[in-house]
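Undergrad: The following block contains a protein sequence and its predicted model.
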Amino acid sequence: MNLFYFSGTKLPSQNSKSVHVMKMAQAFKKEGHNVTLFTKGNVNATPEDLFQIYNIDTTFEIKIINEGTLPILSNARLISAANIEYQNNTPDIIYGHDAIALALHAKKANSIIYEAHKLPLRPTDRIALSSLLKQDNLKGIIAISDILKQELLKQYPELDPEDIFVAHDGADLIDHIKDKANKLNALKGRKGGFNIGYAGSLHPGKGMALISRIAKIRPEYDFHILGGTLKQVQHLQTKNKYKNIHFYGFRDHSEIPSYLKSFDICIAPYQHRALIKTGRNTSRWISPMKIFEYMAAQKPIICSDLPVIHEILQHKYHAILPPASNEYKWAVAMDYIKENPDIGQYLAKNAYNSLKEKYTWDKRAAAILDFSINNKYSMHFADAS
């Protein structure tokens, strides 16, 4: 079937959603669909560039539209480009994160699938989603966490629980992807030291302040920080008082696996209030991609004990889950794994097996299609009129 994917994001970018989009497009292609991905971004970036940046080995069509100065202008350009495509390639499935684009294309395909990563907050997004709920060809809504599903059910009483399928984020199995970072320089810090690694954004609430406090009380450990904009990294380097914290800045997704393999422990120090660049709090319903990438790296994980994390990780089985802001308990958890490497291997093995069984991108795509298209789950959309 022909699947049109409206990404609602920019490519390439430092946003983790861009990884999600590229990996899901690849996974849908592996499921046997002809995929055309519509995205905002730099028109000078070729599909080949994007495939390399995001470590994609199963290619698909990408239509990059130059991003306008206003969000609505970007949507209009995406819609215009898709209309041109319709002349020669009618979609069977329209999929995406952009409720506005999906609503405007609702009559163009047999099936529509909407994936939600957050609650619609802008009036235009709320209107678009309400319009989507009235479409007979809407086959399903995908939510990245059960907590987000419950929030959607509260906000849209016309929905039944059976209408929303929870599909957490995912990761590739590192053993099965091309490792494009074999020539990376060695980790900074002390030779033979104990290395704690973080990979992700540096927005407020992601845990950089906690990492600094841990580094202060555990000077014998080296802390490696991957990610962040140039401005963020420069600001943190200026403020940094500790020689055992090392910044690497943003790295292409294809480089991340080699770094993760070099760490002794991978950490996800989410705080109760984690902000994205818009200033919105996402900590309640996130499905943190870094967790799945850590699972793929087969390294012990220490992650903040937030309710949404329990949808993925079990304490002392997949990972150690200390309180989000208690640096002393985090330090003790690190000590425990260092002093008990067999426990670290036990956690890493269990987490990897869970990823392999449930959370790869390929399994995610297959489950979404089973729910929405292959009728393995019954749909019960209420009358939204």
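TA: All right, it came through fine.

Undergrad: can you list the domains in this protein?
TA: Split into domains by automatic domain parsing, the chain comes to 2-170+361-372, 174-358.

Undergrad: okay, how far is it across the first one, tip to tip?
TA: What it means is domain 2-170+361-372. In domain 2-170+361-372, first residue to last residue: 15 Å (C-alpha to C-alpha, to the nearest Å).

Undergrad: Please apply the same query to the last one.
TA: From its first residue to its last, domain 174-358 covers 15 Å (C-alpha to C-alpha).

Undergrad: picking that back up, in CSV: the domains of the chain, plus mean pLDDT.
TA: CSV is the format used below for these (pLDDT from 0 to 100):
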stretch, mean pLDDT
domain 2-170+361-372, 89
domain 174-358, 89
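
Undergrad: Can you list the strands that the longest strand that the chain contains pairs with?
TA: Longest strand in the chain, counting residues (DSSP state E): strand 2-11. Pairing partners of strand 2-11, with direction, according to DSSP bridges: strand 34-41 (parallel), strand 93-96 (parallel).

Undergrad: What's the first helix or strand after the longest one?
TA: Where DSSP states H and E defines the elements, the next helix or strand beyond strand 34-41 is helix 47-53.

Undergrad: quick one, strands of the stretch 101-250 of the chain?
TA: Defined through DSSP state E, counting those that start in this stretch, the strands belonging to the stretch 101-250 of the chain, from first to last, are 111-116, 138-143, 164-166, 194-199, 221-226, 245-249.

Undergrad: so can I have TSV of the ones you listed showing distance to N44?
TA: For glycine as for every other residue, the C-beta is placed from the backbone atoms N, C-alpha and C. Shown next, in TSV, are the strands of the stretch 101-250 of the chain (distance: least, C-beta to C-beta, whole Å):
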stretch	distance to N44
strand 111-116	28
strand 138-143	32
strand 164-166	37
strand 194-199	27
strand 221-226	26
strand 245-249	22
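
Undergrad: if we can go back for a sec, please identify the deepest-packed of the strands paired with strand 2-11.
TA: The highest average neighbour count among the strands paired with strand 2-11, using mean count of other C-beta atoms under 10 Å, belongs to strand 93-96 at a mean of 26.

Undergrad: That one: how far from the chain's middle?
TA: What separates the centre of strand 93-96 from the centre of its chain is 18 Å, taken as C-alpha atoms, centre = their mean, to the nearest Å.

Undergrad: Need the contact partners of it.
TA: Counting by C-beta atoms under 8 Å, 6 or more residues apart in numbering, the neighbours of strand 93-96 from elsewhere in the structure are 1-8, 28, 33, 102, 105-106, 108-115, 373.

Undergrad: residue closest to the middle of the chain?
TA: In the chain, the C-alpha closest to the average C-alpha coordinate belongs to M289, at a distance of 4.0 Å (C-alpha atoms, centre = their mean).

Undergrad: how about it, phi and psi?
TA: The phi and psi torsions at M289 (degrees, to the nearest 10) take the values phi -60, psi -30.

Undergrad: ok, and the closest non-adjacent residue to it?
TA: On the basis of C-beta to C-beta, 6 or more residues apart in numbering, the spatially nearest residue to M289 that is not a chain neighbour turns out to be D169, at 4.5 Å.

Undergrad: How many residues are close by that neighbour?
TA: Counted by other C-beta atoms under 10 Å, the residues lying close to D169 total 25.

Undergrad: likewise the one 4 residues further on?
TA: L173 has 16 neighbours, counted by other C-beta under 10 Å.

Undergrad: cool, and K107?
TA: Taking other C-beta under 10 Å as the definition, K107 ends up with a neighbour count of 8.

Undergrad: for the one 10 residues further on, same thing?
TA: When counting by other C-beta under 10 Å, one arrives at 19 neighbours for H117.

Undergrad: Identify the residue nearest it in space, chain neighbours excluded?
TA: Nearest-residue entry for H117: I144, 5.4 Å, with adjacent residues in sequence omitted and distances by C-beta to C-beta, 6+ apart.

Undergrad: next one: G227
TA: G200 (5.0 Å).

Undergrad: That neighbour is in contact with I267, isn't it?
TA: No - proximity of G200 to I267 does not meet the contact threshold set by C-beta atoms under 8 Å, at 9.8 Å.

Undergrad: In contact with L210, which residues?
TA: L210 touches P269, Q271, A324, S325, E327, W330, counting by C-beta under 8 Å, 6+ apart.

Undergrad: From these, keep the buried residues only.
TA: Buried positions within those, assessed by neighbour count (16 or more other C-beta atoms under 10 Å), are P269, Q271, A324, E327, W330.

Undergrad: how about the nearest residue to the second one, chain neighbours excluded?
TA: So the one you mean is Q271. Nearest in space to Q271, with sequence neighbours left out and distances taken as C-beta to C-beta, 6+ apart, is G205 at 4.4 Å.

Undergrad: Also the third one?
TA: Taking C-beta to C-beta, 6+ apart, and ignoring the residues beside it in sequence, A324 has S304 as its nearest neighbour in space, at 4.0 Å.
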